[in-house]
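A.B. asks: Return atomic coordinates for the entry below.
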Amino acid sequence: MSGGSGGPSWPEPRPITKPKEGDGGGGGGIPDACNIQETTTLNSPDRTVISGLRAGDVLEVVFEAGPPRRLVARTLAGAVAGAITSPSLPQFIQCITHSNVRYTAEVLGVRGAVCQVRVQPK
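C.D. replies: Numbers count the residues shown, from 1 in each chain. Below you'll find the predicted structure:
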C-alpha cells in the first residue's frame, strides 16, 4: 500500500529564534535559527562505545539520510555512540542539510547505558 501523501516523515521545521545577549555582529557563519544548544540523552546507545566515553569527550553529530532518517553521535574514530532525539531534531536536520552547519555532542556523563550529551554548533 504505497499511496498516501508521500511527504517527509517530520513536519517542515520552523526557525528557532532566541534572543541573543551581546550580539556582537562579527562574521560568524551560523544562522540564528541554527544556533541551537540542547542537552539530551543518547537514544539506542551502543554500550561498547559509550563505556569508553568520559565527561568532556566530544562526538561528531552526523545526519544519516536512511531510511530511517536520524542524527547520530559518533566518535572521531567513526563508532556510533547512539542516536540524538530531541524536539529540535527537524531543525538540526535542516541546518545540517541546508545551511551546512556542523554540530558536536559533548559528553556530560555516562551512567550504565545512559549517556547525556550537550549538542551545539561546532
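A.B. asks: What residues of stretch 56-65 count as buried?
C.D. replies: For stretch 56-65, the neighbour count (16 or more other Cβ atoms under 10 Å) marks 57, 59-63 as buried. Quick note: C-beta positions are derived from backbone N, CA and C, even for glycine.
A.B. asks: Revised request: answer the last question for stretch 96-110.
C.D. replies: Those would be 96, 101, 103, 105-107, 110, for stretch 96-110 by 16+ other Cβ under 10 Å.
A.B. asks: do stretch 38-51 as well
C.D. replies: Within stretch 38-51, the residues that count as buried by 16+ other Cβ under 10 Å are 38, 40-42, 45-46, 49-50.
A.B. asks: May I ask which two of the buried residues of stretch 96-110 are separated the most?
C.D. replies: Taking Cβ to Cβ, the two most distant members of the buried residues of stretch 96-110 are 101 and 110; they sit 26.2 Å apart.
A.B. asks: Adding secondary structure and pLDDT, write the buried residues of stretch 38-51 out as JSON lines.
C.D. replies: As requested, the buried residues of stretch 38-51 are arranged in JSON lines below (DSSP: H, G, I helix; E, B strand; the rest coil; pLDDT from 0 to 100):
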{"residue": "38", "secondary structure": "strand", "pLDDT": "95"}
{"residue": "40", "secondary structure": "strand", "pLDDT": "95"}
{"residue": "41", "secondary structure": "strand", "pLDDT": "96"}
{"residue": "42", "secondary structure": "coil", "pLDDT": "97"}
{"residue": "45", "secondary structure": "coil", "pLDDT": "97"}
{"residue": "46", "secondary structure": "coil", "pLDDT": "97"}
{"residue": "49", "secondary structure": "helix", "pLDDT": "97"}
{"residue": "50", "secondary structure": "helix", "pLDDT": "97"}
